[in-house]
Every structure is written in structure tokens, then in C-alpha cells.
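Chemist: can you look at this prediction? I've put the sequence above it.
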There are 2 protein chains.
Amino acid sequence: MDDWDDYRLILALHRSGSLRGAAKLLGVNHSTVSRRLAALQAGSAGILFEQLASGYRPTEAGAKMVSAAEDMEEIAQRAERQQRAAGSADKGPITLSLPEAIGQFLLLNEIAAFCKLYPDIDLTIISSYGFANLDRSEADIVIRGTGKPPEHLVGRRLFPYALSHYCRRGYLDETPPDARRWLGTAYSWSRDEWKAASPFSAAPTLYTMSDLTMRHKALLAGQGMARTACYMADPEPDLVRLPGAKTVQGQDLWVLTHPDLKDTPRIKTLMRYLCGAIIAKRALIEGNHI
Amino acid sequence: MDDWDDYRLILALHRSGSLRGAAKLLGVNHSTVSRRLAALQAGSAGILFEQLASGYRPTEAGAKMVSAAEDMEEIAQRAERQQRAAGSADKGPITLSLPEAIGQFLLLNEIAAFCKLYPDIDLTIISSYGFANLDRSEADIVIRGTGKPPEHLVGRRLFPYALSHYCRRGYLDETPPDARRWLGTAYSWSRDEWKAASPFSAAPTLYTMSDLTMRHKALLAGQGMARTACYMADPEPDLVRLPGAKTVQGQDLWVLTHPDLKDTPRIKTLMRYLCGAIIAKRALIEGNHI
DNA sequence: TCGCACCGGTGCAATATTGCACCAATGGAT
DNA sequence: ATCCATTGGTGCAATATTGCACCGGTGCGA
């Protein structure tokens, strides 16, 4: 193989099964993938992928190349982590992945304070509800609420966050019972069972949305009721819990990093800091801040 | 690393220590290496190579990338051999490396006959006195006279070839003793000790040359005397051994391939054929053909 | 049957990359 | 001191590669 980057092409095509899917994985145009595949197979003794109605599938020879490509990817990813693990002081780049809600409502000030404390650490925040892949260095540290973190990651399991049912102060007084509405969440793990446990389980849902920040603003605007994280709602003077609402236990909060990075000083510094900041707000997070 | 081919760049620069040396290894222009290195280090958190008076040397971070690159090279080479090992019939490509002398004087007809016997085998001959690197698929099969073959290659050790001292028929009669000359060989393993064992050890050397074929023609042209392989000289009716000349034992002839290829049918077919062809000419090769 | 989303393929222009030619610097041999 | 071979660096032209826009085909859902 004259260009080892062709192994990335092979991997992407194997994983996606299509030119366009591979293009997406590689961050290039699908016509580029088409041409590179043609050139690759022209220079090879045999074809590596056959084109079925269901998509591209590796031939026997291609499957061996896929296996080799997987090995290479592992080496490349390990090498990248080794590069990122370099550094013997509190300086250098760190990429932190965390849910938008935690970034905006829980740790916004703490993150800024950290950057002031450690001006030589270049912190990049990736707000996402997806679980960043630390193997491929999509992030160095990840904060996530989950019941089942990847087992090879290391770090701390803190405590579960609490949720409860809220509305804008005065909403119930000002809204006839038949006009009361729920603001829903479009996440599959947040099915309607949360509504059943609420004081107004019969009220219909006004609309659902994937953006928790938008829902928070809708709540603040008095558009309806919602079950939301206590650390988002309790700090708001204009939001109150619905009468009789209990806190519900969400998933555990974890602060995790890759084993290859756990000994890097600046990583340890940020991990320690984040855990400290979250623990300092334990009462709020557990819904006991009122 | 966005382009895994950068690992090849890293390897080449590490191995050569210079931009021009790396360029040679990679088959590109040195300005290309310079620019790719600059781009690579610009996109990396740290520099990978420092520029000393003695050349480029990997930094600590760079050494880790070199190690990763070496691992990747091994995978790439194994993958390439796997591709070359494919095939369940006597068809497909084979690259055979052998000394020029063996190609021109010993197996010329046999190789053509093989191609006629197996028209679906695409045979490529690389005539070279260097030892082709079968790890990097420079060849699939290698024929070589050597006392110490690479231990991981597999194949057959045949028998040593013989050499003796020759001149053109009539040379001694037509050349006054003080005008007789030797035709030398510019190979380090063929020092002047061969002249000491000759019937005319005091005669000076006319000139030396690296090209054994050229020396053969010079011998045929009556330009001097030479120690040459019996399989080259004995078949020539115009060449005779010097009076009193004995045969000298050269190195063992080996026919070798890479372990990854040894089970591939077409490889086995050619290995078997070549060994058979060489064994059929054993008398000639051992100088017993007269 | 129709519309839509996705697919692979390709001409052309845009962009990136490379080679060439040249330069100055360096170090070693004479 | 001089010459030569090798080095790294760079402007510019040549070449390769890529993205864009578009096309026709396919399959699925309504």
C-alpha cells in the first residue's frame, strides 16, 4: 500500500457500507471516496470490496485489509493519546466533554474560575449529550450521568442527580386546570413515566423538544410544567416545585478519563477540580438545596 | 493524526536523519518532506523532530510516534504479504529476485519454460545482487548464494556453486607471459585471495568491474583471465580453464520465500520448479560438467 | 403512482500538493 | 583557502486531488 491513509478509507467503507457513509466518517466528499476506492482497487491484485444492492462489503482479501486497518487504528489512537498524555506540569491542552445542562447551569462559573486558576491550561469544552469516545481522543475528560460507563475508563463515580416537577411561580394560580400543559423532552430514556408520577398526570403535553435549555426557558416563560434537574430549577427564584412533587433520582454522575491520561498532571488537576466543584454542590444536585 | 501516511514520513525521517534521505526513502522530493514535516508539527501539540547539526532526531514525543510507525509498518507489510499470499491455483503474480549471473547464464531458458508451462502466473524477475527484503514484499522468492540467509525465511538450501580460473581458448599461446592480465571483480567478498590460488598469481589486474556479465564478455573477448563461476564459463566452447586450475567452492545456493507465502500454491509451484531446475544442473554448477 | 431520500457516478472548477530550479549554508577533503 | 557534496529552504509552475453540482437509478412509504 503506497498510502497508509488508504487503511482509513478501508475502515470507513467497511463500517458504513456506502460511499456516502464512508465520506461522512472521513470528512470528505463522497466523490473523493469513490475515486480513491477505484484507485486503491486498481493498484491492488484483487478487489477489496464488492458492490451489492445492500452496499459495499469486503471480499475475503478486503476483510484481511479491514483487520489490518483496525490494528492500525488502534496504534494511531494510542499514539494520539500518548501525545495528549505528555506534559509534566499544569499546562497544555485539555478537551472536556459534558452535557449542555451541566455546562450552562452547574459548572459555568467553576469552569471559568478554573481557567483563571490555571491560565496555562488550554481548555476546550464540548457540550454534548453523546458519550465522547476517549479511545479516539474525542475528549480527554468526560462528565456524564450514566448507569453504565465504559468499563475501561477511569475516574470517579460521584452521586446521582435529582429531578423534580416544576412550573413558573404563579403558573397554577393563573392557569385554569384544563389549560395546564407539560413541556416534554424528546429523549428516549425520558418516556412518559415521569408524567405518571407527577401531581398533574392527566395534563397533556404542549410540545416536546430535545434542547433542555430551550425547555428551561419555556418553563421560565410560563409555557407549562416540566420535570427537570433540580440543579437547573432550584436556583431560579421564579421556578417552584409543583405541590406535592417529590424528587426523583436520576443517574449517577461520573467524571472519567482514559487510562492513558490518568497520570498526566494537568488531567489529574482538572479531574480533582471538577470532582471538588460537583461535590461542593451536592445538596443542590441532590435536590436538597431548598 | 489526520493522515496516517504521516507515519511513513516519521519513519523515513527517523531512519535517514535528513530531509533528503527521507525523500529518497519515500520516493518524493525533499521539498515535499520539508513541507509535510512542517505541516505535521504545526498540527501537533509538540514538535516531533529536533534539527541538530548532525541531522533530524526524534524528540521524546517523536520517539513514541516512531514506535507507533514501526508497529504500523509491520501491519502494513503483513497485510501486503497476505494479499500476495492469496490464490488457490497456479495463477497470479510472483516476483522473483536472483543474481544477474543466475538469470542470464543458469536459468534463462528454464524461466521462459516455466512461463510457458504456467501461462497464468505473472512472473516478474528482479535481477540483483542485493538481498531482496521479503518482509516488505520486495520479492516473493529469492535465489541467492549466501553463507547466512535470513533465519525467518523458509525454503531449501541446495549446494555450493563452484568457481575456477578461465581464459579464452588460445589466450595463453597468444599472450606473452608479461602481457597476461587478470580481470577483477569489484565485490568486497571477492578479494585478491582468489588470485593467489591461481596458476598465474603474479600477473597484474587489467581492471576491475562490478558487472559480472561485462567481465564474462571481456573474458570471451580475450582481454584477460578471470576466476568465474563454472556454470558461466564451462558451457562456453571458447573458454577454457587455466592449466592446473582447481575448482573453488563458493557459497551455498538457497531458494527462499517468506513464511507467509510458503503455502500459496503458485509460490510452491515455482519454488519446486526452481529447485528442480537447479538440481538438474548440479554437475554444471559444481564444476563437474566438463 | 408519486414523491422523497439515498445511492453511485462524473464533468468541471477550485484547491492542495508536489516537483523543479535555484539559493545560501555547512562541513569535509585536499 | 578552495572545492565539492550535501544540506534545508522557497518561489513558481505543473500536477494531482478534491469539492461542487448535477445526473440517473433505486427502494420505500404514502
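Modeler: Noted; the coordinates are in hand.

Chemist: so A:Ala89 versus chain B, what's the distance?
Modeler: Here the criterion is Cβ to the nearest Cβ, to the nearest Å. By it, A:Ala89 lies 13 Å from chain B. No exception for glycine: its C-beta is placed from N, CA and C like everyone else's.

Chemist: for that residue, grab phi and psi.
Modeler: In terms of degrees, to the nearest 10, the main-chain angles of A:Ala89 are phi -140, psi 180.

Chemist: contacts only, for it.
Modeler: Taking Cβ atoms under 8 Å, 6 or more residues apart in numbering or on different chains as the criterion, A:Ala89 is in contact with A:120, A:265-266.

Chemist: checking my notes, A:Lys24 in a strand, right?
Modeler: No - residue state for A:Lys24 (DSSP: H, G, I helix; E, B strand; the rest coil) corresponds to helix; a strand is not indicated.

Chemist: can you give me the neighbour number for it?
Modeler: Counted with other Cβ atoms under 10 Å in any protein chain shown, the neighbours of A:Lys24 add up to 14.

Chemist: do the same with A:Ile267
Modeler: If you count neighbours by other Cβ under 10 Å, A:Ile267 ends up with 24.

Chemist: tell me the spacing between it and B:Leu206.
Modeler: To B:Leu206, A:Ile267 is 73 Å away according to Cβ to Cβ, to the nearest Å.

Chemist: tell me the SS of A:Leu134?
Modeler: coil.

Chemist: relative to B:Asp135, how far out is A:Glu138?
Modeler: 35 Å.

Chemist: A:Leu256 touches A:Glu151, doesn't it?
Modeler: No - A:Leu256 sits out of contact with A:Glu151 when judged by Cβ atoms under 8 Å, with a separation of 10.6 Å.

Chemist: which of the two has more neighbours?
Modeler: It is A:Leu256, of A:Leu256 and A:Glu151, that has more neighbours when counted by other Cβ under 10 Å, with 24 against 6.

Chemist: can you give me the strands in chain A?
Modeler: All strands of chain A, identified by DSSP state E, fall at A:49-52, A:55-58, A:92-98, A:121-127, A:141-145, A:154-168, A:182-185, A:205-209, A:226-229, A:239-241, A:248-257.

Chemist: please work out which of these is packed deepest.
Modeler: Mean neighbour count, computed with mean count of other Cβ atoms under 10 Å in any protein chain shown, is highest for strand A:226-229 among those, reaching a mean of 25.

Chemist: tell me the pLDDT at the nearest residue to A:Ser44 once chain neighbours are set aside?
Modeler: Distance criterion Cβ to Cβ, 6 or more residues apart in numbering or on different chains; nearest residue to A:Ser44, sequence neighbours excluded, is B:Gln83 at 6.7 Å. B:Gln83 carries a pLDDT value of 91.

Chemist: who wins for most neighbours among the contacts of A:Ala89?
Modeler: With neighbours defined as other Cβ under 10 Å, the most crowded of the contacts of A:Ala89 is A:Arg266; it has 23 neighbours.

Chemist: list the contacts for that one?
Modeler: Contacts for A:Arg266 were tallied using Cβ under 8 Å, 6+ apart; they are A:87, A:89-92, A:94, A:118, A:121.

Chemist: please report how far it lies from A:Arg81.
Modeler: Taken as Cβ to Cβ, the span from A:Arg266 to A:Arg81 is 14 Å.

Chemist: now swap in A:Leu219 and tell me
Modeler: 41 Å.

Chemist: these two: which has the busier surroundings?
Modeler: Neighbour count, other Cβ under 10 Å: between A:Leu219 and A:Arg81, A:Leu219 has more, with 23 against 20.

Chemist: so for the closest residue to the more buried one other than its chain neighbours, what's the pLDDT?
Modeler: Nearest in space to A:Leu219, with sequence neighbours left out and distances taken as Cβ to Cβ, 6+ apart, is A:Ala226 at 5.2 Å. On the pLDDT scale, A:Ala226 is placed at 93.
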